[in-house]
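Enquirer: Need a 3D model of the following:
(one chain, ligands or ions: 2)
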Amino acid sequence: MNSPKTNRTAHVYKWQIPIDVGVALRAKRISCREGLYIELRSEDRCGWGEISPLPGFSAESLEEAQDALLCWTKLWLSGEEELPKLPSAAFGISCALAELNGTLPMKADYRTVPLGGCETEKLVDKLAGAKGEKTAKVKVGFSGAANDGITVDTVLHAVSDVRLRLDANRSWTLSQALDFAQNIRPHYRERIAFIEEPCQSREESRIFARQTGIAIAWDESLRESDFTFDSSDIAKAVVIKPTLTGSLEKIKSQAEAARRLGMTAVISSSLESSLGLTQLARIAAWLTPNTIPGLDTLNLMRYQQIRPWPQSTLELVPAESLQRLI
Ligand SMILES: O=C(O)CCC(=O)C1=CC=C[C@@H](O)[C@@H]1C(=O)O
Ligand SMILES: [Mg+2]
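Expert: Ligands and ions are numbered 1, 2, ... in the order given. Predicted coordinates:
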């Protein structure tokens, strides 16, 4: 059901949250996460969305997203609906519209895959003590490919029921990626659920997967204009980052394309605030119900905003404390 074109009101908020990105971001060291919220009201219904382009990953700047958002808001107030093109704006606005129209289900998947760096002792301690399904995401590509391979092998050996998602963010040449694999005993490799983007090019990553038997996943590739879902692709998974992708409709069509090909689709954070993260947990429960999403980024932030993540002890800042642009 679409909201009526009359009796519409809208607010736009601008915010900043201090953040310690740790290993989560590679080249871009930001100390403050910035973004916008849109709040739409029509009759007695309300919808919120987060628009927070991620520096170093989003093509658009916050200023560009803000211009697009303010322009769209004016049009919506006069009865228009068409979404802007910029991915972060299209995503946040489509979430707000979906909440307003009751089409974003409330059920959420608040499980997360703990995210960390490639440090053997820390990882083994954390995983050995974990209860239930033991999956962790480890960023590799910081300390030499062979070293990373040794660490991954040690963790897989020490914690016999762990499954790892790895992420190299295209930091290796094919030869470095093969050095990494060389240090992981072949019978442990099947417990690597996937490694995201091991090599600088997709073709090299495919060769890596064929030669090593290690599953690969597309993350950055998914957002490149020449990417297509292809049944002959060796990749086992795709990582969908909604803030970098666009509207809910586009996210849904990517998740469906992956499912049709038997690929795992993982909904993943672009370091959104708690408001955006809780919506991603709902999107994951809705579109990728059998896969734990990659949303372990809230604790990088100093506080939460507007909506809390269950069990988080971080302070919650209400909407009234934020800067309102309109
Ligand atoms: O996917 C996850 O489990 C958590 C989010 C995450 O790993 C990332 C978020 C944003 C930027 C990145 O460096 C990184 C990634 O590349 O996937
Ligand atoms: Mg990635």
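Enquirer: quick one: contacts for residue 103?
Expert: Listed by C-beta atoms under 8 Å, 6 or more residues apart in numbering, the contact set of residue 103 is empty. (C-beta placed from N, C-alpha, C; glycine too.)
Enquirer: same question, the one 10 residues further on
Expert: With contact set as C-beta under 8 Å, 6+ apart, residue 113 has these partners: 135-137, 165, 292-294, 296.
Enquirer: mind checking how far it is from residue 198?
Expert: Distance of residue 113 to residue 198, given as C-beta to C-beta, to the nearest Å: 18 Å.
Enquirer: Residue 133 too?
Expert: Distance, residue 133 to residue 198, using C-beta to C-beta: 24 Å.
Enquirer: So between these two, which is more surrounded?
Expert: The neighbour comparison of residue 133 against residue 198 (other C-beta atoms under 10 Å) goes to residue 198, with 32 against 11.
Enquirer: burial count for the residue nearest to residue 134 when sequence neighbours are not counted?
Expert: Leaving out its chain neighbours, the residue that sits closest to residue 134 by C-beta to C-beta, 6 or more residues apart in numbering is residue 162, at 4.5 Å. Applying other C-beta under 10 Å, we find 18 residues neighbouring residue 162.
Enquirer: Use 674 as the first number for this chain going forward.
Expert: Fine by me, first position is 674 from now on; the one you just mentioned is residue 835.
Enquirer: Tell me, domain by domain, which residues of the chain belong where.
Expert: 681-776+987-997, 788-973 (the TED database).
Enquirer: Which of those sits closest to ligand 1?
Expert: Ranking those by proximity to ligand 1 (C-beta to the nearest ligand atom) places domain 788-973 first, at 2.3 Å.
Enquirer: quick check, the closest one touching ligand 1?
Expert: Yes. Using C-beta under 6 Å from any ligand atom, we find that domain 788-973 touches ligand 1 at 788, 810, 840, 842, 892, 912, 941-944, 967, 969-970.
Enquirer: coming back round to it: need the contacts of residue 786 in JSON lines with pLDDT, can you?
Expert: What follows is the contacts of residue 786, written out as JSON lines (pLDDT from 0 to 100):
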{"residue": "808", "pLDDT": "92"}
{"residue": "809", "pLDDT": "92"}
{"residue": "810", "pLDDT": "94"}
{"residue": "838", "pLDDT": "97"}
{"residue": "965", "pLDDT": "96"}
{"residue": "966", "pLDDT": "97"}
{"residue": "967", "pLDDT": "97"}
{"residue": "969", "pLDDT": "94"}
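Enquirer: Which pair of those spans the longest distance?
Expert: 809 and 966 (13.9 Å; C-beta to C-beta).
Enquirer: returning to that earlier point: contacts with ligand 2 among the residues of domain 788-973 next to ligand 1, please.
Expert: Near ligand 2, taking C-beta under 5 Å from the ion as the test, the members of the residues of domain 788-973 next to ligand 1 found are 840, 892.
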